[in-house]
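Peer 1: Quick check, what structure comes out for this input:
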Amino acid sequence: MPVSESSMVRVPSRCTAETARATVAFEITGYSLHKGLGGGKFLCSPAFSVGGYEWCIGYYPDGYEDEGSEGHVSAFLKLLTKNAEVRVLYKLVLVEPSSERSIGVSCKVPRVFTSENPCWGFRKLSAAEVESVYLRNDCLMIECEVSVIKESLDIHVPPSDILDNLATLLEGKIGADVTFKVKGEIFSAHKILLAMRSAVFNAEFYGAMRDKGAQDITVDDMQPAVFRAFLHFIYTDSMPPMDGLEDDDKREMVKHLLVAADKYAMERMKRICESMLCKSLDVETVATILALANQYHCNYLKDACIEFMLSSNRMKDVISSQGYLHLKRSSPDVIVDVLERAAKSCKI
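Peer 2: Residues are numbered from 1 along each chain as shown. Model prediction:
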């Protein structure tokens with residue numbers, strides 16, 4: 001029996017280490033009053049939190065409880081959090097504030113703090129040296145720098161493919177429950193998705209005046225290529241590729257899509273069309289696009305057209321274009337706007 005081959009999928013991942021840092025000062029006042037506690041007895045700082053764990057500093061003025069602690073002092077950083085295992089870099093020192101002199105311990109290799117072994121620090125420092133050098137006004141200052149090391153595994157998460165899936169849904173027609181007949185071509189779609197994207201479709205399919213039996217809809221005011229592009233945007237929230245179109249054909253497609261976006265209350269699509277048309281203005285087409293902008297209440301596009309006409313001495317060339325003649329006939333009020341703005345800017 002032949003062995004089937006399986007493909008190997010490489011999933012990128014990365015292990016990273018981060019640290020949570022803090023410096024804690026523990027001041028012991030009235031130090032002389034604490035002498036004589038006995039070996040193994042300690043003073044404890046208030047608990048503090050670093051890296052999501054609770055800690056404290058313990059100071060033993062008469063040394064730790066092990067043999068030979070007499071005449072020494074001890075200090076430890078202690079993990080208070082139960083059932084934890086933490087890797088830590090720390091520096092635990094006694095400080096003489098006026099000279100910034102210090103003595104203690106600093107680990108360059110991470111130490112592991114656990115519930116079974118919660119303390120790291122120094123066991124034996126000469127009590128005589130501590131009291132002669134570091135004790136000032138019967139006050140002792142202990143500083144502890146704590147760096148909690150947190151390791152995490154970062155797994156590469158692929159980008160969302162929901163828009164690709166929706167495009168496939170449109171192409172595959174699976175679950176389609178409405179069809180559109182556009183100039184002899186049939187397009188299948190999904191009512192719920194159309195209604196989600198367009199308030200007009202929502203009212204048509206689910207509103208109070210809906211036709212419950214409507215599953216075949218005829219569209220008379222759009223060409224098939226435009227309707228196909230329109231559905232593409234509804235499903236993918238992006239304009240379809242237009243690389244194969246000449247500039248004039250691309251401009252005409254965008255103009256028709258703007259009209260469709262206005263009809264079906266697709267405001268984002270309408271703004272995208274406005275932006276694309278703003279970038280394609282020339283003296284031959286600007287007047288026609290201005291008429292379109294005025295008709296469909298595209299204020300941004302309208303302002304861009306007027307500014308284009310009035311800049312760089314283009315007005316004479318624009319006036320001689322066929323589009324301007326159409327603009328005068330269809331939208332004489334816009335001509336007034338152009339003239340008023342020109343007068344204000346003294347450009348004609």
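
Peer 1: does the residue nearest to Tyr53 when sequence neighbours are not counted sit in a helix or strand, and which one?
Peer 2: Once flanking residues are discounted, Tyr53 sits nearest to Thr81: 4.5 Å by C-beta to C-beta, 6 or more residues apart in numbering. All C-beta spots, glycine's among them, are computed from the backbone N, C-alpha and C. If you go by DSSP states H and E, Thr81 is not part of any helix or strand.

Peer 1: Do you know the pLDDT at Thr81?
Peer 2: With respect to pLDDT, Thr81 scores 94.

Peer 1: Kindly tell me how buried it is, as a neighbour count.
Peer 2: 17 (other C-beta atoms under 10 Å).

Peer 1: need the next SSE after the top helix by length along the chain, C-terminal direction.
Peer 2: With secondary structure taken from DSSP state H, the chain has its longest helix at helix 247-263. Moving toward the C-terminus from helix 247-263, the next helix or strand (DSSP H and E) is helix 267-278.

Peer 1: That following helix: which residues count as buried?
Peer 2: 269-270, 272-274, 276-278 (16 or more other C-beta atoms under 10 Å).

Peer 1: any residues touching that helix, and which ones?
Peer 2: 233, 237, 239, 251, 254-255, 257-258, 260-262, 289, 292-293, 296, 298, 300-301, 304 (C-beta atoms under 8 Å, 6 or more residues apart in numbering).

Peer 1: Surely the residue nearest to Tyr53 touches Glu54?
Peer 2: Yes: with contact defined as C-beta atoms under 8 Å, Thr81 reaches Glu54; the gap is 5.0 Å.

Peer 1: Which pLDDT value belongs to Met309?
Peer 2: Value for Met309, per-residue pLDDT: 88.

Peer 1: which residue sits closest to it in space, ignoring its chain neighbours?
Peer 2: Val318 (5.0 Å).

Peer 1: for Cys298, same thing?
Peer 2: Cys298 sits nearest to Glu274 (C-beta to C-beta, 6+ apart), 5.2 Å away.

Peer 1: how close does the one you found get to Thr114?
Peer 2: 64 Å (C-beta to C-beta, to the nearest Å).

Peer 1: roughly how far is stretch 275-294 from the heart of the chain?
Peer 2: 35 Å (C-alpha atoms, centre = their mean, to the nearest Å).

Peer 1: How far away from the center of its chain is whatever helix or strand Met309 lives in?
Peer 2: Here Met309 sits within helix 299-310, counting by DSSP H and E. On the basis of C-alpha atoms, centre = their mean, helix 299-310 sits 34 Å off its chain's mean C-alpha point.

Peer 1: Now the lowest-mean-pLDDT helix or strand in the chain: buried residues?
Peer 2: Within the chain, no helix or strand scores below helix 332-345, which has a mean of 76 by mean pLDDT, DSSP states H and E. By 16+ other C-beta under 10 Å, the buried positions in helix 332-345 come out as 334, 338, 341.

Peer 1: nearest to Gly121, of those?
Peer 2: Arg341 (78.3 Å; C-beta to C-beta).

Peer 1: before we move on, the earlier item: relative to Glu340, how far out is the residue nearest to Met309?
Peer 2: 16 Å.

Peer 1: Same question for Ile28.
Peer 2: Ile28 is 82 Å from Glu340, where distance means C-beta to C-beta.

Peer 1: for Tyr324, same thing?
Peer 2: 17 Å.

Peer 1: Could you list the buried residues of the longest helix of the chain?
Peer 2: 251, 253-262.

Peer 1: Now pLDDT and distance to Ile192 too, for those residues, in CSV please.
Peer 2: Formatted as CSV, the buried residues of helix 247-263 follow (pLDDT from 0 to 100; distance: C-beta to C-beta, whole Å):
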residue, pLDDT, distance to Ile192
Arg251, 95, 33
Met253, 97, 27
Val254, 97, 28
Lys255, 97, 29
His256, 97, 26
Leu257, 98, 23
Leu258, 98, 26
Val259, 97, 25
Ala260, 97, 20
Ala261, 97, 20
Asp262, 97, 23
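
Peer 1: so where's the protein shaky on pLDDT?
Peer 2: Low-confidence segments of the chain (pLDDT under 70): 1-17, 68, 212-214, 343-348.

Peer 1: Can you give me the domain assignment for it?
Peer 2: 13-155, 158-246+253-264, 281-348 (automatic domain parsing).

Peer 1: next one: the longest one to chain centre, how far?
Peer 2: The reference is to domain 13-155. 40 Å.

Peer 1: same deal with the last one?
Peer 2: Taking C-alpha atoms, centre = their mean, one finds the center of domain 281-348 at 40 Å from the center of the full chain.

Peer 1: re earlier: in three-state terms, label the residue nearest to Met309 for me.
Peer 2: helix (DSSP: H, G, I helix; E, B strand; the rest coil).

Peer 1: and it, what does it touch?
Peer 2: Val318 neighbours (C-beta under 8 Å, 6+ apart): 283, 286-287, 309, 324.

Peer 1: again, only using 6 Å
Peer 2: The contact partners of Val318, taken as C-beta atoms under 6 Å, 6 or more residues apart in numbering, are 283, 287, 309, 324.
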